[in-house]
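Colleague: No letters, just coordinates:
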DNA sequence: CGTGATCGTTGCATTCTCCGCAACGGCCAT
DNA sequence: ATGGCCGTTGCGGAGAATGCAACGATCACG
């Protein structure tokens, strides 16, 4: 809608791939060097881009600070956190909290496993949307037309032989998840890692977030992990109740 | 420099404090509602802001993804990471990696302690710049005038009784750090937590990053922690060598 | 040591884009 | 039913952003 801003913001994903100099930015934006310079300067003033010693630009520190502040101010996260820690202390495994937002599912909190073998993930990182337990939970709750639309728009990379291969299989899985109120990912993302997850619901019953417990095969088998299901669901329900109970506008 | 972009970007820190509706954004920007709307729309298209169900705006998912990608593409971080993990496996404590950028010091990597008592910190979070060991290391290497300028611009919050109280004490401490080539924070940020840190240098000898090991009193005393100093310095030097050796432009 | 090329930077005139206004329409509360 | 609030849209004018061309610094190469 706003050309100038549009161009300026297009620089960010460009720099996310790696540092670039003025000429490269101008070229990839399709604008004159002087224009690119002025845009970069404005971004720089706001701390979103940083100029390193070789004069090339890369993303700046304030970007992290912003993402940081934002994630810490999410209501669900704030409420859920202590419960996730408690769950981690009981079972010892990695606990994740995720939300859905505009075709992406992303982790907004994480409590690390106490076992030496840990899975790789990071807060803010987009989730493998076609296989992760939390993704299934979040998508399963969308209205049918939207769910279908998204399912058909997605790619279905075969991370492992047990990854869901296409929109049909995915929608079928979502129907199951929707019905039973919990979800699993048994080696669908990484062969040796299993997850079980449960939804967190708002006052109106809609799913606002999802949580999961993940553990590698070498620590517990899938069957053993499944015995934790009642505990996980109970935790999720506790968080749901607390979340529903809070007044809409809390502390400023 | 660019008014439109400037206004648009000013919205981000505003939303970082919490969700806001159109009217609030317009008012706090000092522009007409229609203007704010168009700016927000553009930000929305780029995924930087998200419109939640109550129509209020908050920061969006892509912001996290960007910060994420950016931090993962930092050369130092990539090189250092495996060494930090190795160090953590040897000593068991929390290991941090930090860089300086435009008046801020921020963590860009972290390996969690294997002990149950952990200190709170998060990648991307700005560091307590007047007390942290890594901050001292990074600032100590700046040219004298800049160092002095920054020192006098800073606030000196007294986190504990051992926090550095003012610019004079801070500069004195920096001189010591600069001389000895390593730094400590003994209870200056949190009473019960000690850190020791060492600098990572580029080919030209300038400090490009700093790393530290942190542990609470209840796990090891400050004296015991200091026995790890040779190990920490050796790790930092190893990373420095590897970093200096790399060709300036690696993998596109 | 000199010379050419490359890249970032600046001032300026033109034009396009963004801005504020005012009116519309939906929603909620009264 | 009705009034107020908030988000949204079309429009003309004004101001801002754009591209151009020239400058200057830095670096590589002869």
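Modeller: Nice, thanks for sending it over. Treat the numbers as computed from the prediction; the structure is a model and nothing was measured.

Colleague: C-alpha only now, for contacts and for neighbours.
Modeller: Fine.

Colleague: which element is residue A:95 on?
Modeller: Element membership of residue A:95, judged by DSSP states H and E, is strand A:94-101.

Colleague: What residues sit buried inside that strand?
Modeller: For strand A:94-101, a neighbour-count test (16 or more other CA atoms under 10 Å in any protein chain shown) marks A:94-101 as buried.

Colleague: What pairs with it, parallel or antiparallel?
Modeller: strand A:104-111 (antiparallel), strand A:207-216 (antiparallel) (DSSP bridges).

Colleague: Just the mean pLDDT for that strand, thanks.
Modeller: The predicted model gives strand A:94-101 an average pLDDT of 90.

Colleague: So which residues make contact with that strand?
Modeller: A:77, A:84-85, A:87-88, A:105-114, A:118-119, A:134-135, A:138-139, A:208-215, B:50, B:60-61 (CA atoms under 8 Å, 6 or more residues apart in numbering or on different chains).

Colleague: Pick the one among the buried residues of strand A:94-101 closest to DNA strand D.
Modeller: Minimum distance to DNA strand D across these is 17.4 Å, recorded for residue A:101 (CA to the nearest atom of the strand).

Colleague: Who does that closest one form a beta bridge with?
Modeller: Counting by DSSP bridges, the residues bridging with residue A:101 are residue A:104.

Colleague: DNA strand C versus the residue nearest in space to the middle of chain A, what's the distance?
Modeller: Closest residue to the average C-alpha location of chain A: residue A:106 at 0.7 Å, with CA atoms, centre = their mean. Per CA to the nearest atom of the strand, to the nearest Å, residue A:106 is found 29 Å from DNA strand C.

Colleague: Skipping adjacent residues, who's closest to that residue in space?
Modeller: residue A:126 (4.5 Å; CA to CA, 6 or more residues apart in numbering or on different chains).

Colleague: count of residues packed around that neighbour?
Modeller: Using other CA atoms under 10 Å in any protein chain shown, residue A:126 has 20 other residues around it.

Colleague: Who are the contact partners of it?
Modeller: Counting by CA under 8 Å, 6+ apart, residue A:126 has contacts A:104-107, B:65.

Colleague: ok now do residue A:4, which residues does it touch?
Modeller: B:4-5.

Colleague: Please, where are all the helices along chain A?
Modeller: Read by DSSP state H, chain A holds these helices, from start to end of the chain: A:3-16, A:22-29, A:33-45, A:61-72, A:75-91, A:133-140, A:144-153, A:167-180, A:222-226, A:229-245.

Colleague: Could you tell me the least trusted of these?
Modeller: Among these, helix A:61-72 carries the lowest mean pLDDT, a mean of 81.

Colleague: and that one with chain B, contact?
Modeller: Yes - using CA under 8 Å from any CA of the partner chain, helix A:61-72 reaches chain B at A:61, A:63-70.

Colleague: looking just at contacts, which helices and strands does that helix meet?
Modeller: helix B:3-16, strand B:57-59, helix B:61-72 (3 or more CA pairs under 8 Å, 6 or more residues apart in numbering or on different chains; DSSP states H and E).

Colleague: The second one - what's its average pLDDT?
Modeller: When you say that, I think you mean strand B:57-59. 91.

Colleague: List the contacts of the residue in chain A positioned nearest to DNA strand C.
Modeller: Evaluated by CA to the nearest atom of the strand, chain A has residue A:3 as its residue closest to DNA strand C, separated by 3.0 Å. The contact partners of residue A:3, taken as CA under 8 Å, 6+ apart, number zero.

Colleague: contact partners of stretch A:54-72?
Modeller: With CA under 8 Å, 6+ apart as the contact definition, stretch A:54-72 has outside contacts at A:12, A:15-16, A:18-22, A:44, A:46-52, A:77-78, A:108, B:12-13, B:15-18, B:58-59, B:63-64, B:67, B:70, B:101, B:104, B:106, B:124-126.

Colleague: got it, and stretch A:210-223?
Modeller: With CA under 8 Å, 6+ apart, stretch A:210-223 has contacts from A:93-99, A:117-119, A:133-135, A:137-138, A:186, A:192-200, A:225, A:232, A:236.

Colleague: end-to-end on that stretch?
Modeller: 21 Å (CA to CA, to the nearest Å).

Colleague: Return the distance of it from the chain's centre.
Modeller: Relative to the chain's own centre, stretch A:210-223 is displaced by 19 Å; criterion: CA atoms, centre = their mean, to the nearest Å.

Colleague: again, but for stretch A:38-49
Modeller: 27 Å.

Colleague: Then stretch A:92-107?
Modeller: Centroid separation between stretch A:92-107 and its chain, computed with CA atoms, centre = their mean, is 4 Å.

Colleague: Would you mind naming what in chain A lies close to DNA strand C?
Modeller: For chain A, the residues in contact with DNA strand C (CA under 7 Å from any atom of the strand) are A:1-5, A:21-23, A:33-34, A:37, A:55-56.

Colleague: now, the most widely separated pair of those residues?
Modeller: A:1 and A:55 (31.0 Å; CA to CA).

Colleague: Quick one, which of the residues of chain A next to DNA strand C are buried?
Modeller: Applying 16+ other CA under 10 Å to those flags A:2, A:4-5, A:22-23, A:33, A:37, A:56 as buried.
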